[in-house]
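Q: Take a look and give me a structure for this.
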Amino acid sequence: PKGLRSIRFLRGFPILVESLANGIRALNRSADLADDGDSGPMTKGQVALTLLMAFGAAVLLFVAAPHLMALFMEYLGLSGDMKGFSFHVWDGLFKFLIFTGYIVAISFMPEIRRVFQYHGAEHKTIHAFEKGGMVTVETARQGSRLHPRCGTTFLLFVLSVAIVLHAVLVPLLLMMWEPSSAVLRHAGIVLFKILLIVPVSALAYEIIRYAAALEDGFRARLLRAPGFFLQLLTTREPDDGQLEVAVAALREALGPESPFADRFESPDPTVME
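A: You can find the predicted model right below:
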């Protein structure tokens, strides 16, 4: 609901879910356009199932797997138990390694490299728009392919906030609830971490908004640096054709009635073909 998305420290999670849903719808639209006509677009049920499967895969990779890896470090004597900070540092480190490893691995795929080029084109176009003046391929080309409000930065803050909240809240939970069964105890903590995705994403969203709004300076550079580092992996320098598509996409997203419409050149009907 719009009301929830306007409330600070609550809006992060619904915006995250909305972004995931929009991403799946965009992929569905892209597949539909590229389809040879043998199959139609995904139904709402299929989209919901895809979103559910994506969420399940994310939980497996970024919640369950890092927890088990941190548990293995405890077994090796390199970490304390779940009541200690070191356990959650290992957990967060494994989250980060899985995330960056996944990005590096898929970056070798030609299709993904092209997606990363379009990602860079998007950032360059947004920079041109935020500077004022005309938004063209020429002005977009001058911009950086890194942007402080990128979703990559959001995910990094999610990982960082998760480490802190897990280190504080998991020991508190174990003070009130600690079953004798190790399996039940770890299963319960994993479920608790899944539920913490809501406040973690909400707090991470506010941090990235704060970092993006800061004027250029040491504090801003410090907060943005880790996200920019990850964006070096998720963006590539685009060609002029990709910049042209990005400019056209922003123009269409704003709409012909937008007060910024005069900052774009007349649409070229061949761009999106």
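Q: what's around residue 235, how many residues?
A: 25 (other C-beta atoms under 10 Å). For glycine as for every other residue, the C-beta is placed from the backbone atoms N, C-alpha and C.
Q: which element is the spatially closest residue to residue 143 that is not a sequence neighbour on?
A: Leaving aside its sequence neighbours, residue 143 sits nearest to residue 127 (C-beta to C-beta, 6 or more residues apart in numbering; 3.2 Å). Assessed by DSSP states H and E, residue 127 sits inside helix 110-131.
Q: ok, then the element right after that helix?
A: helix 137-141.
Q: okay, and for this structure, where does confidence drop off?
A: For the chain, residues meeting the criterion pLDDT under 70 lie at 1-5, 31, 33-42, 267-273.
Q: can you give me the helices in it?
A: Listed in chain order, the helices of the chain (DSSP state H) span 2-5, 12-34, 44-59, 65-75, 85-106, 110-131, 137-141, 151-176, 182-195, 197-213, 218-234, 240-254.
Q: Pretty sure residue 179 sits against residue 188.
A: Yes: under the criterion of C-beta atoms under 8 Å, residue 179 makes contact with residue 188 at 7.1 Å.
Q: what's stretch 97-107 in contact with?
A: With contacts defined as C-beta atoms under 8 Å, 6 or more residues apart in numbering, stretch 97-107 is touched by 61-62, 65-66, 112-113, 116, 155, 159, 230, 233-234.
Q: my bad, should have said stretch 148-160
A: By C-beta under 8 Å, 6+ apart, stretch 148-160 touches 16, 19, 92, 95-96, 99, 123, 200-201, 204-205, 207-209, 211-212, 220, 224, 226-228, 230-231, 233-234.
Q: now do 6 Å
A: Contacts to stretch 148-160, defined as C-beta atoms under 6 Å, 6 or more residues apart in numbering, come from residues 95-96, 200-201, 204, 207-208, 212, 224, 226-227, 230-231, 234.
Q: quick one: which two of those residues are the most distant?
A: Greatest spatial distance in the contacts of stretch 148-160: 95 and 212, 22.9 Å, computed using C-beta to C-beta.
Q: More neighbours: which of those two?
A: residue 95 (24 against 16).
Q: Might one say that the more buried one is in contact with residue 66?
A: Yes: with contacts counted by C-beta atoms under 6 Å, residue 95 reaches residue 66, the gap being 4.6 Å.
Q: Reformat the contacts of stretch 97-107 as a markdown table; add neighbour count.
A: Shown next, in a markdown table, are the contacts of stretch 97-107 (neighbours: other C-beta atoms under 10 Å):
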| residue | neighbour count |
| --- | --- |
| 61 | 14 |
| 62 | 23 |
| 65 | 15 |
| 66 | 24 |
| 112 | 15 |
| 113 | 12 |
| 116 | 22 |
| 155 | 22 |
| 159 | 20 |
| 230 | 20 |
| 233 | 15 |
| 234 | 22 |
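Q: sorry, back to before: if it's not too much trouble, I'd like the helices of the chain exported to JSON lines so that distance to residue 263 sit alongside each entry.
A: Below are those laid out as JSON lines (distance: least, C-beta to C-beta, whole Å):
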{"stretch": "helix 2-5", "distance to residue 263": "27"}
{"stretch": "helix 12-34", "distance to residue 263": "24"}
{"stretch": "helix 44-59", "distance to residue 263": "34"}
{"stretch": "helix 65-75", "distance to residue 263": "45"}
{"stretch": "helix 85-106", "distance to residue 263": "33"}
{"stretch": "helix 110-131", "distance to residue 263": "7"}
{"stretch": "helix 137-141", "distance to residue 263": "10"}
{"stretch": "helix 151-176", "distance to residue 263": "25"}
{"stretch": "helix 182-195", "distance to residue 263": "44"}
{"stretch": "helix 197-213", "distance to residue 263": "21"}
{"stretch": "helix 218-234", "distance to residue 263": "25"}
{"stretch": "helix 240-254", "distance to residue 263": "9"}
